[in-house]
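*Asks:* Return atomic coordinates for the entry below.
(chains A and B)
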2 protein chains.
Amino acid sequence: MTKSKPVFKTPDEVEAVFYEAFMRCDPDVMAGLWADEGVVCVHPGSRAIIEYRAIVRSWENIFADAHRSEIKYTLLNRALSSDLAVHMVVEEMISSGRVAAVVLATNVYRKFDRGWLMIGHHASLVQNRSANQTLQ
Amino acid sequence: MTKSKPVFKTPDEVEAVFYEAFMRCDPDVMAGLWADEGVVCVHPGSRAIIEYRAIVRSWENIFADAHRSEIKYTLLNRALSSDLAVHMVVEEMISSGRVAAVVLATNVYRKFDRGWLMIGHHASLVQNRSANQTLQ
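*Replies:* From the prediction side, this is the model:
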């Protein structure tokens, strides 16, 4: 684990910083909350990225042309064990005060010696938003 | 837990039966491998379903017009703790001998008193398949 990485005491703490970094378009904070190994990231519609540096680069690319995003995120479901946590999150991407897109994300966190880090982010766009997006 | 549910000793065992049920379009086997509570299922492009009966109905709908699907599935990444497992799986949907679609699935399994069951399936279509889908 890189020494400079921050220490997160809970999965929720990593998640809050993840969405803060996402909204602030901050690649350095984003790089600090991912584990170095055993990681996987899927951006909407994309293939899986399974290497730390490639994941960091993908976020740098996403942030390159943006200064700030507004995202309202809601935890829909969580599964927790002693050293692994899985969260299903609804991400509402806000643009000009309205919901421009709804994304579902499965976020996975792992507890290491120093604390919790993100090891997985699988995001997909909800294509039919006409109905309630949380229950069928 | 419903008494009639089968006993799975490992996450891999649930996963094998999940893809068998998916390929055979068997809603009863599918219904038997999901936990009753704390579950979430996202079909490609869809919203999240977070209730057992609704998840089973969604698979019945998917299977209603099909008799058999051919899926080649490959485990790309796994995270395992004592009672929680997360698998990232590449699903290649085969039609007439060729790959018609590539789907990424995050499958989540939980260990209960009687054994492992599925608690999460988040699937998304890979929209750009021109490049290698596993590494960026």
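*Asks:* just for chain A, where's the confidence low?
*Replies:* Filtered on pLDDT under 70, chain A yields the residue ranges A:1-3, A:129-136.
*Asks:* Show me which strand runs longest in it.
*Replies:* When chain A is scanned for its longest strand (criterion: DSSP state E), the result is strand A:98-112.
*Asks:* With just CA atoms, put the next helix or strand after it into PDB.
*Replies:* Counting by DSSP states H and E, the next helix or strand C-terminal to strand A:98-112 is strand A:115-125. Output in PDB follows, covering the C-alpha atoms of strand A:115-125 (Å, rounded to 0.1, in the frame of the first residue of the first chain):
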ATOM      1  CA  GLY A 115      -8.000   1.000   6.800                       C
ATOM      2  CA  TRP A 116     -10.700   0.700   4.100                       C
ATOM      3  CA  LEU A 117     -10.100   1.400   0.400                       C
ATOM      4  CA  MET A 118     -12.100   1.100  -2.800                       C
ATOM      5  CA  ILE A 119     -11.500  -2.000  -4.800                       C
ATOM      6  CA  GLY A 120     -14.500  -1.900  -7.100                       C
ATOM      7  CA  HIS A 121     -16.700   0.500  -9.000                       C
ATOM      8  CA  HIS A 122     -19.200  -0.800 -11.500                       C
ATOM      9  CA  ALA A 123     -21.400   1.900 -13.000                       C
ATOM     10  CA  SER A 124     -24.200   1.600 -15.600                       C
ATOM     11  CA  LEU A 125     -26.600   4.100 -17.100                       C
END
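*Asks:* so does strand A:115-125 get close to chain B?
*Replies:* Yes: taking C-beta under 8 Å from any C-beta of the partner chain as the criterion, strand A:115-125 and chain B are in contact, through A:119-120, A:122-125. Quick note: C-beta positions are derived from backbone N, CA and C, even for glycine.
*Asks:* Switch those residues over to a markdown table; also include neighbour count.
*Replies:* Shown next, in a markdown table, are these (neighbours: other C-beta atoms under 10 Å in any protein chain shown):
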| residue | neighbour count |
| --- | --- |
| A:119 | 24 |
| A:120 | 26 |
| A:122 | 25 |
| A:123 | 19 |
| A:124 | 26 |
| A:125 | 19 |
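*Asks:* before we move on, the earlier item: now for the longest strand of chain A, which elements pack on it?
*Replies:* Strand A:98-112 makes packing contacts with helix A:11-24, strand A:84-95, strand A:115-125, strand B:98-112, strand B:115-125 when contacts are defined by 3 or more C-beta pairs under 8 Å, 6 or more residues apart in numbering or on different chains; DSSP states H and E.
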